[in-house]
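Q: Next one to model:
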Amino acid sequence: MSLLGKHSVLTGHSGQTGHLVVIGAGHAGVEAAAAAARLGIRTTLVTLKRSGVGQMSCNPAIGGLGKGHLVKEVDALGGLMGRAIDATGIQFRTLNESKGPAVQASRAQADRDLYKAKVLSLVEEVPNLTIVEGEVSSILSATSPSSSNSSSGASSQVTGIALADGSKIAADCVVLTTGTFLRGLMHTGESQTPGGRHGDAPSNSLSDSLKNLGFTLGRLKTGTPPRIRKSSINFSGLSEQPGDSPPRPFSILTDSITQKQISCWVTYTNEQVHDLIRSNRERSPMFNGQITSGGPRYCPSLEDKVYRFADKNRHQIFLEPEGIESDIVYPNGISTSLPADIQDSFVRMIPGLENCEIIKMGYAVEYDFVDPRNLRPTLETKSVQGLFLAGQINGTSGYEEAAGQGLIAGTNAALSLLGKAPFIVSRGQGYLGVMIDDLTTNGVEEPYRMFTSRAEYRLILREDNAGSRLTALGRSLGLVGEEQWRRFSEGEEQKSRLKSWAETFRVKPTADVNEWLTSLGSVVLRDSVVAGTLVRRPELSLDQILAKFSENDSPAPEQFPAPLVTVVNTELKFSGYLKRQEEEIARLRKLEDQVIPANFKYDDLPSLRIEHRQKLAAFRPYSLGQAMKIPGMTANAVSVLAVHLKRFKSAEAV
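A: Got it, this is the predicted structure:
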């Protein structure tokens with residue numbers, strides 16, 4: 001890895017595998033660049049400044065409901081995010097621990113500066129990867145063959161990028177990960193400042209470049225709360241929120257968390273705060289017409305919450321330190337774009353913050369995005385061959401969603417240069433597949449955020465089995481290194497041994513066994529059963545059974561790590577339900593595997609209604625599975641399409 005000055009010029013590479021340029025070094029960009037480079041592609045990562053690589057623009061935290069699943073999946077495919085947060089996390093918590101395994105999720109508070117430094121160091125370790133400092137002004141392209149039989153269906157082919165200093169970088173593929181920088185505009189009350197985040201300029205010329213390439217751009221909004229000096233907060237009357245002990249790592253490559261751990265604190269807004277916000281409605285950019293773009297439904301601003309949830313007399317605030325040595329606290333829950341004087345007043349009405357010092361005011365940021373329905377499931381654009389989009393430019397919110405898209409986009413860009421088949425995660429394989437299918441099929445009207453509720457098969461798509469679902473796929477592609485593969489293989493072997501024991505070890509109806517069962521509120525045995533049958537009883541668990549029978553040819557509990565026992569317990573307890581979900585996934589995969597060539601002509605299908613032909617021609621679905629999800633598409637229309645698709649492929653094969 002090397003760093004080139006902003007006036008240096010790269011003219012491309014002569015290697016057989018071509019050259020990939022990734023624009024933007026946030027969470028999407030670093031994963032895209034690292035994934036492509038791991039696959040052997042010579043990759044250039046272009047960023048405004050090296051010091052911004054891995055920057056956490058908003059809350060310095062990784063994971064959460066649905067989001068933690070994405071981080072585990074990125075890690076299962078050899079990504080960087082899990083390793084970065086494990087090395088720099090200062091509080092780890094398991095959310096929904098009292099609920100079912102499908103909705104349990106991991107979250108970690110990060111030391112903002114340490115996280116950024118760790119990401120940069122991980123990027124620097126990747127071979128085939130060069131960092132270039134510079135401002136990208138446009139994406140360069142050449143017209144593709146206009147023949148309707150073109151296999152890609154694209155009207156142009158990316159050829160590189162141009163920088164603001166006049167230099168150009170030739171490229172065979174480009175991954176665009178601009179975050180909130182496309183015509184970014186920050187709002188604090190009446191004050192409007194161009195920029196993608198505090199202290200950084202917007203990227204206006206890139207928006208113009210995308211328009212010139214034929215993309216229709218929309219506007220979205222996100223926001224951030226004011227930052228508070230920690231030493232000015234009175235914590236004495238607040239609720240302390242410690243993390244897990246011991247903390248659980250995200251990455252399979254992390255043996256244990258060695259970073260010092262701290263507590264966060266909880267406080268609340270009150271009616272006095274709400275009254276002040278209501279009385280200054282006309283000064284809120286959210287309500288006075290200054291901001292017209294759609295904001296995040298599931299992470300709204302405080303003023304939005306006050307109006308949307310008028311029946312609530314308080315809203316929870318998590319006071320989250322931004323680092324071990326940092327004197328800055330992130331008050332999670334009071335994102336706002338109100339004027340500075342209103343922010344200063346309402347913050348001081350919150351318990352514990354009466355005498356606080358605000359270091360930086362909160363703001364909202366509006367930015368351009370591209371309708372993700374313009375993308376294939378590979379995240380390559382339909383109209384420009386070789387151009388891939390990832391992160392907030394696709395209408396998502398959050399570091400985790402961005403990282404997942406970056407990994408998929410970078411991997412597919414590399415595979416296209418290697419002449420290999422694309423890598424598409426299905427809805428039944430991972431939350432990565434759920435997210436990308438949601439985006440490319442349905443589009444967005446507000447920033448998209450991952451939740452477990454978005455997945456139809458969430459009991460299969462758990463955090464604890466992300467490796468089992470994806471690591472072998474990552475290994476086959478070349479994304480997963482030797483050490484990760486060794487650890488994964490050893491874990492799978494342990495899992496197999498434990499499941500085998502549970503399915504063969506017989507528990508006999510002795511007096512001792514029945515007394516033990518009675519003590520746990522379970523029905524006594526009349527005949528011997530295998531241990532796995534007992535696990536399926538709601539009141540029993542595998543760890544209890546292991547502990548009871550450790551002296552009777554059973555593996556002692558300490559022979560297996562607790563997380564592994566939990567995974568096997570879930571798979572045994574819900575085996576019937578999991579089998580039914582797996583059968584549904586297999587049926588879905590048959591449809592998703594029937595890929596529709598880009599040059600398939602829908603106008604040649606007279607047996608389809610005009611309405612359906614128009615929808616298919618406009619949307620250009622990737623597969624029969626995606627065609628089935630187009631609004632207004634009927635099962636009969638998809639059946640007719642399947643027949644014609646079979647004939648088309650047979651004719652092509654001749």
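Q: any idea how far Y330 lies from A87?
A: Going from Y330 to A87 by CB to CB, to the nearest Å gives 20 Å. C-beta here means a position set from N, CA and C on the backbone, and glycine is covered the same way.
Q: actually D593, sorry about that
A: Taking CB to CB, one finds D593 at 39 Å from A87.
Q: Let me see the domain layout of this protein.
A: 13-223+367-477, 227-362, 498-580, 594-653 (automatic domain parsing).
Q: that older thread, more neighbours, Y330 and A87?
A: Y330 (25 against 22; other CB atoms under 10 Å).
Q: Kindly indicate whether the more buried one is helix, strand or coil.
A: Here Y330 is recorded as strand under DSSP: H, G, I helix; E, B strand; the rest coil.
Q: Chain neighbours aside, what residue packs nearest to it?
A: Spatial nearest neighbour of Y330, chain neighbours left out: E320 (4.7 Å); criterion: CB to CB, 6 or more residues apart in numbering.
Q: what helix or strand is the one you found on?
A: strand 316-321 (DSSP states H and E).
Q: what packs against that strand?
A: Packed against strand 316-321 by the contact rule (3 or more CB pairs under 8 Å, 6 or more residues apart in numbering; DSSP states H and E) you find strand 264-268, strand 328-332.
Q: Buried ones in that strand, by neighbour count?
A: Neighbour-count burial for strand 316-321 flags I317, F318, L319, E320, P321 (criterion: 16 or more other CB atoms under 10 Å).
Q: quick check: mean pLDDT across that strand?
A: Computed over strand 316-321, the mean pLDDT rounds to 96.
Q: Compute the inter-axis angle for that strand and strand 264-268.
A: Between strand 316-321 and strand 264-268, the angle comes out at 150 degrees (axes from the mean of the first three to the mean of the last three CA atoms, to 10 degrees).
Q: so who does G24 touch?
A: V46, T47, L176, T177, T178, G179, F181, G391 (CB atoms under 8 Å, 6 or more residues apart in numbering).
Q: Could I have the CA atoms of the helix or strand where E492 lies written out in CSV?
A: In this assignment (DSSP H and E), E492 forms part of helix 482-504. What follows is helix 482-504, C-alpha atoms only, in CSV (Å, rounded to 0.1, in the frame of the first residue of the first chain):
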residue,chain,number,x,y,z
GLU,A,482,-5.8,-18.9,5.9
GLU,A,483,-6.1,-18.0,9.6
GLN,A,484,-9.8,-17.2,9.4
TRP,A,485,-10.4,-20.4,7.4
ARG,A,486,-8.5,-22.5,10.0
ARG,A,487,-10.5,-21.0,12.9
PHE,A,488,-13.8,-21.4,11.1
SER,A,489,-13.0,-25.0,10.1
GLU,A,490,-12.1,-25.9,13.7
GLY,A,491,-15.3,-24.4,15.0
GLU,A,492,-17.4,-26.3,12.4
GLU,A,493,-15.7,-29.5,13.4
GLN,A,494,-16.4,-28.9,17.1
LYS,A,495,-20.0,-28.1,16.2
SER,A,496,-20.4,-31.3,14.2
ARG,A,497,-19.0,-33.3,17.2
LEU,A,498,-21.4,-31.7,19.6
LYS,A,499,-24.4,-32.2,17.4
SER,A,500,-23.5,-35.8,16.8
TRP,A,501,-23.3,-36.4,20.6
ALA,A,502,-26.7,-34.7,21.1
GLU,A,503,-28.3,-36.9,18.4
THR,A,504,-26.8,-40.2,19.7
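Q: For it, which outside residues touch it?
A: Residues contacting helix 482-504 (CB under 8 Å, 6+ apart): 78, 252-253, 467-468, 471, 475, 480, 530-532, 535, 542, 545, 554-555, 560-561, 564-565, 567-568, 571-572.
Q: Show me how far it is from its chain's centre.
A: 27 Å (CA atoms, centre = their mean, to the nearest Å).
Q: Now it: buried residues?
A: In helix 482-504, counting by 16+ other CB under 10 Å, buried: Q484, W485, R487, F488, G491, Q494, K495, L498, K499, W501, A502.
Q: per-residue confidence for the first one?
A: For Q484, the model assigns a pLDDT of 98.
Q: Would you mind measuring from it to S203?
A: 35 Å.
Q: Could you do Q385 as well?
A: For Q385, the distance to S203 - CB to CB - is 23 Å.
Q: Same check on A409?
A: Distance from A409 to S203, by CB to CB: 18 Å.
Q: Low-confidence stretches in this protein?
A: 1-16, 144-152, 298, 551-558, 654 (pLDDT under 70).
Q: Tell me which residue is most central in it.
A: The centroid of the chain falls nearest to E401 when counting by CA atoms, centre = their mean (2.3 Å).
Q: which ones are touching that one?
A: Neighbours of E401 in contact, by CB under 8 Å, 6+ apart: K67, L70, G391, M435, Y448, R449, M450.
Q: The helix or strand encompassing E366 pairs with which strands, parallel or anti?
A: Using DSSP H and E, E366 sits in strand 363-370. The pairing partners recorded for strand 363-370 under DSSP bridges are strand 185-188 (antiparallel), strand 217-224 (antiparallel).
Q: tally of neighbours for T570?
A: Neighbours around T570, by other CB under 10 Å: 22.
Q: Can you classify it by secondary structure?
A: Under three-state DSSP, T570 comes out as helix.
Q: Chain neighbours aside, what residue packs nearest to it?
A: Counting by CB to CB, 6+ apart, the residue nearest T570 is P101, at 4.7 Å.
Q: and the one you found, that one's in a strand?
A: No - per three-state DSSP, P101 lies outside any strand segment and is coil.
Q: hang on, it packs against L461?
A: No - under the criterion of CB atoms under 8 Å, P101 makes no contact with L461, lying 10.7 Å away.
Q: Which one's more surrounded, the two?
A: Higher neighbour count among P101 and L461: L461, with 26 against 19, using other CB under 10 Å.
Q: A helix includes that one, no?
A: No - counting by three-state DSSP, L461 is located in no helix; its state is coil.
Q: show me what contacts it?
A: H69, A102, G428, Q429, G430, Y431, V434, A455, R469.
Q: Can you tell me how far the last one is from Q429?
A: What that stands for is R469. 6 Å.
Q: looking at the chain, which residue lies furthest from center?
A: A511 (51.9 Å).
Q: Can I get stretch 348-367 in PDB, CA atoms only?
A: Extracted C-alpha coordinates of stretch 348-367, given in PDB (Å, rounded to 0.1, in the frame of the first residue of the first chain):
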ATOM      1  CA  ARG A 348     -29.600  22.500  29.600                       C
ATOM      2  CA  MET A 349     -33.200  21.500  30.500                       C
ATOM      3  CA  ILE A 350     -32.200  17.800  30.500                       C
ATOM      4  CA  PRO A 351     -31.300  16.200  33.800                       C
ATOM      5  CA  GLY A 352     -27.500  16.000  34.200                       C
ATOM      6  CA  LEU A 353     -26.900  18.500  31.500                       C
ATOM      7  CA  GLU A 354     -28.000  21.700  33.400                       C
ATOM      8  CA  ASN A 355     -24.500  23.200  33.300                       C
ATOM      9  CA  CYS A 356     -23.000  21.400  30.400                       C
ATOM     10  CA  GLU A 357     -20.800  22.900  27.700                       C
ATOM     11  CA  ILE A 358     -21.800  22.200  24.100                       C
ATOM     12  CA  ILE A 359     -18.700  21.700  22.000                       C
ATOM     13  CA  LYS A 360     -20.400  21.500  18.600                       C
ATOM     14  CA  MET A 361     -24.000  22.100  17.700                       C
ATOM     15  CA  GLY A 362     -26.100  19.400  16.000                       C
ATOM     16  CA  TYR A 363     -27.100  19.700  12.400                       C
ATOM     17  CA  ALA A 364     -29.000  18.000   9.600                       C
ATOM     18  CA  VAL A 365     -27.400  17.200   6.300                       C
ATOM     19  CA  GLU A 366     -29.200  16.900   2.900                       C
ATOM     20  CA  TYR A 367     -27.500  15.100   0.100                       C
END
